[in-house]
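[1] got a predicted structure here, sequence first:
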Amino acid sequence: MDTSGGAAMASAAGDEEDQARMAAITDGLQTRDAMRLYNWVSQRCFSDCVVSFYRRALGKREEECVRACVRKYLLLSTTSAARFADLADPSAAAAAFDD
């Protein structure tokens, strides 16, 4: 009687469970990091740009400042992510320089 087939199937099922568990942990960490970045950018841009608390709405300069601030951090985040992706996959970066 050959039990190696059953052991291999059990091992494959265990690997799939481990991968699913790791994917869930990774998703949770990415969500946490995204929320931290969102909160940090919100606090930073608010404290840099909002100077008057006499009105319910932002003034024109305050609104422009907040938009520029958020735009800057989004650009930084996008550029950083692209750079990290290049560092993680050097063959893709080499191919980009060959074009």
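    Looks like it arrived, so ask away. Since we're looking at a predicted model, the values are computed, not measured. Residues are numbered from 1 along each chain as shown.

[2] ok, now which ones touch Cys65?
    With contact taken as C-beta atoms under 8 Å, 6 or more residues apart in numbering, Cys65 is in contact with Cys45, Asp48, Cys49. Just so you know, the C-beta spots here come from the backbone N, C-alpha and C atoms, and that holds for glycine as well.

[3] so where do the helices sit in the chain?
    Taking DSSP state H as the test, the helices found in the chain are 4-49, 60-88, 90-98.

[4] in the second one, what's buried?
    Buried residues in helix 60-88, defined by neighbour count with 16 or more other C-beta atoms under 10 Å: Glu62, Cys65, Val66, Cys69, Tyr73.

[5] specify the angle between it and helix 4-49 in degrees.
    Angle, helix 60-88 to helix 4-49, by axes from the mean of the first three to the mean of the last three C-alpha atoms, to 10 degrees: 150 degrees.

[6] where does the chain dip in pLDDT?
    1-13, 92-99 (pLDDT under 70).

[7] now stretch 27-40, how far from the chain's geometric center?
    7 Å (C-alpha atoms, centre = their mean, to the nearest Å).

[8] what comes into contact with it?
    By C-beta under 8 Å, 6+ apart, the residues outside stretch 27-40 that reach it are Ser77.

[9] apply 10 Å and report the result again.
    Tyr73, Ser77 (C-beta atoms under 10 Å, 6 or more residues apart in numbering).
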